[in-house]
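Undergrad: A structural model of the following input is requested.
(one chain, ligands or ions: 2)
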Amino acid sequence: MISYAQALALLNTRAPRLQAETAPLAEALGRTAAGEIRAGFAVPSFDNSAMDGFAVRLADCEHASPQAPVVLPVTGVTAAGDHASPLAAGQAVQIMTGAMLPAAAEAVCPIEDVAVTRDADGAVTAITLTSAPAPGANIRGKGEDFRPEDVVTGEGTRLTSRHLMALAALGVGSVPVRQRPHVSILATGNEVRDVPAGQASATPGEAVIYNSNSPYLAAALREAGARVEYSGIIPDTQAAFAAALEGIIAQARPGQIILSTGAVSKGEFDFVPAALAALNAEILFHRVAIRPGKPVLFAMLPNGIPFFGLPGNPASAAAGFRFFVAPLLRAAWGLPPEPPLRVRLAETYQARPGLRIFLKAHLAIGADGVAAATILAGQESFRIQPMLHLNGWVVRPETVGNLQAGELVDFYPADPFSPFFA
Ligand SMILES: Nc1nc2c(c(=O)[nH]1)N[C@H]1C(S)=C(S)[C@@H](COP(=O)(O)OP(=O)(O)OC[C@H]3O[C@@H](n4cnc5c(N)ncnc54)[C@H](O)[C@@H]3O)O[C@H]1N2
Ligand code: MOO
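TA: Ligands and ions are numbered 1, 2, ... in the order given. The predicted structure follows:
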């Protein structure tokens, strides 16, 4: 049995890198940039007004005061989208927020800061200023936000809604990104049934349970940016399992990964290791010094497809996804290994040293305003109900025993792509 650190090192060294492709911007969310993207032009691309008001020249109003108000005739109106109006000396141009500034304008006076004279139709004919605007006031200069060649995303940046905002502003309609991983999910277990589709509430028969692992993994994988293919519940024999794997391998897609749940422990029907051996897979580890999920298995299939045999217990499958599958996915996306958050522990937790323990936990802001993690009741690996309250995992290292209230502990958010580590 190897340690978690050894297993993680193997995952990081053996993770295949997802291939690069060009995708429309709308398809880029949650994927990593497969190259640097730079600004092609200045943004703003023209000087424009930050306020609804009047564009003026400084020389015309630098002596304006309540005692000596300055009156300027208004000779034009520029709406956003219009070409700039000319601004002659001794005049003002009415201008809207975002509208192109006249070349000669040196400041914009907000409409609420001036007295406005209107004609019978309501159009502004003149303004009266009682103070001088500061040079450049309310002007958004060309290139103040992005200059040409500014780096927008580096290679390996995970693209968020914020990156999409910047890329769209810069006219980027397609981006080099890594292809999504293509993950096939298999379930095992003669007792396991899929929930009948479209039925409001079904009840399983005697000695039968519903498949909760596959829907969980499918959803967690989609959150991780993967395409998911559900390959069903495989009959509990080595031959059926090997045949199912061969079927997926024969139709393997770029970025193919395979996950199964169950049948990796020591039971009479735990045939996954034998099926892999029959397929000449390279088993990199089977059983890791952790809880839950100790029987977890990781192998490379002959054509370089990573395979995870996750244990069948629901919390074991969840921990297996979070601490084995997710690190491999991060590496495949080209993201760095994930450091834990260090957070305060709300209450003492007693456990013997020996294994690394992944504890279902909930991080919340305490009455003192400081974030603290509570280890949830019900850590047994069959319990699903605590998953409803989990927003992350406290990790207790192998050499440590009890965890004391108030001490700093390692916390991994439920989302392995948490924005803190983007
Ligand atoms: N003698 C030993 N027995 C067990 C050991 C051991 O070391 N020695 N390890 C235990 C640990 S730890 C775990 S975890 C489980 C893992 O078992 P398997 O991965 O072989 O899984 P199964 O036996 O097939 O199922 C375990 C459990 O999970 C339920 N299950 C299975 N698939 C699903 C699914 N898709 N959705 C929901 N629940 C599922 C299944 O009904 C069982 O209750 O082994 C221990 N035993
Ligand atoms: O370690 Mo198993 O994953 O607890 O039940």
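Undergrad: what's the neighbour count on the closest residue to residue 306 other than its chain neighbours?
TA: Closest residue to residue 306 apart from its sequence neighbours, by CB to CB, 6 or more residues apart in numbering: residue 257 at 5.0 Å. Just so you know, the C-beta spots here come from the backbone N, C-alpha and C atoms, and that holds for glycine as well. Neighbours of residue 257 under the rule other CB atoms under 10 Å: 25.
Undergrad: report the mean confidence score over the helix or strand containing residue 257.
TA: Using DSSP states H and E, residue 257 sits within strand 256-261. Taken as a whole, strand 256-261 has a mean pLDDT of 98.
Undergrad: show me the beta-bridge partners of the residue nearest to residue 306.
TA: residue 183 (DSSP bridges).
Undergrad: my guess is it contacts residue 182. True?
TA: Yes. At 7.2 Å, residue 257 counts as touching residue 182 under the criterion of CB atoms under 8 Å.
Undergrad: hang on, the earlier thing: quick one: list the elements packing against the strand holding residue 257.
TA: Applying 3 or more CB pairs under 8 Å, 6 or more residues apart in numbering; DSSP states H and E, we find strand 256-261 packed against strand 182-188, helix 213-223, helix 238-250, strand 306-310, helix 326-333.
Undergrad: now the shortest one: how far from the chain's centre is it?
TA: Remark: strand 306-310 is offset 24 Å from the chain centroid, using CA atoms, centre = their mean, to the nearest Å.
Undergrad: ok, then the element right after it?
TA: helix 314-320.
Undergrad: now do that next one: which elements does it pack against?
TA: If contacts are counted by 3+ CB pairs under 8 Å, 6+ apart, helix 314-320 sits against helix 213-223, strand 306-310.
Undergrad: ok, which of these comes nearest residue 194?
TA: Closest of the helices and strands packed on helix 314-320 to residue 194 is helix 213-223, at 7.5 Å (criterion: CB to CB).
Undergrad: same for the next helix or strand after the closest one, what does it pack against?
TA: Using DSSP H and E, the helix or strand that directly follows helix 213-223 along the chain is strand 227-234. Judged by 3+ CB pairs under 8 Å, 6+ apart, the packing partners of strand 227-234 are strand 182-188, helix 213-223, helix 238-250.
Undergrad: now do the shared contacts for residue 257 and residue 182.
TA: Residues touching both residue 257 and residue 182 by CB atoms under 8 Å, 6 or more residues apart in numbering: residue 226.
Undergrad: single out the most deeply packed of the helices and strands packed on strand 227-234.
TA: Burial of the helices and strands packed on strand 227-234 is given as mean neighbour count (mean count of other CB atoms under 10 Å); strand 182-188 ranks first at a mean of 24.
Undergrad: give me the contacts around that strand.
TA: For strand 182-188, the surrounding residues in contact (CB under 8 Å, 6+ apart) are 211, 213-214, 217-218, 221, 226-234, 236, 241, 244-245, 248, 253-263, 272, 312.
Undergrad: could you redo the last one with a cut-off of 6 Å?
TA: Applying CB atoms under 6 Å, 6 or more residues apart in numbering, the contact partners of strand 182-188 are 211, 214, 217, 221, 226-231, 233-234, 244, 248, 253, 255-263.
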